[in-house]
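Enquirer: below is the sequence, then the predicted model.
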Amino acid sequence: MGDEPAQGPDDRNDFDQRLAAARSRAGLDKSAKGAAQQDKGPNPFSVATRLGAEMVASLVVSVAIGYGLDRLFHSAPWFMIGFVPIGAAAGLRNVFRAMGPGDKD
């Protein structure tokens, strides 16, 4: 322990400069350039995929419920005809909710 050289403020500044240079080379720099890239928002393709999946999922569930009730009660297309608009409305509601402001409760 007595063999270690004492570190002064110059050594610490040198280390901070080398650390900042290494972080910027590695892409870990939290500068204005990095902040501008983060403020861009979500990828439009991922948003469109999520919204499409919301619509398709609600329609698939409503068609499955309508088909199951039609099979159970032997009432051919009537429950499916009734549940498809319900599923479409639920899908649109989910899409509008996903696109709207996030702090709405």
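Expert: Right, received. Where do you want to start? Numbers count the residues shown, from 1 in each chain.
Enquirer: show me what contacts the closest residue to residue 65 other than its chain neighbours?
Expert: Excluding its sequence neighbours, the residue lying closest to residue 65 (C-beta to C-beta, 6 or more residues apart in numbering) is residue 83, at 5.3 Å. Bear in mind the C-beta positions are built from the backbone N, C-alpha and C, glycine included. Residues in contact with residue 83 (C-beta atoms under 8 Å, 6 or more residues apart in numbering) are 62-63, 65-66, 69.
Enquirer: just the buried ones among those, please.
Expert: 62, 65-66 (16 or more other C-beta atoms under 10 Å).
Enquirer: let's have the residues you listed in a markdown table, adding secondary structure and distance to residue 76.
Expert: Shown next, in a markdown table, are these (DSSP: H, G, I helix; E, B strand; the rest coil; distance: C-beta to C-beta, whole Å):
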| residue | secondary structure | distance to residue 76 |
| --- | --- | --- |
| 62 | helix | 17 |
| 65 | helix | 15 |
| 66 | helix | 11 |
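Enquirer: what's the closest of these to residue 44?
Expert: residue 62 (27.5 Å; C-beta to C-beta).
Enquirer: grab the nearest non-local neighbour of that closest one.
Expert: residue 87 (2.4 Å).
Enquirer: what is the burial count for the one you found?
Expert: 22 (other C-beta atoms under 10 Å).
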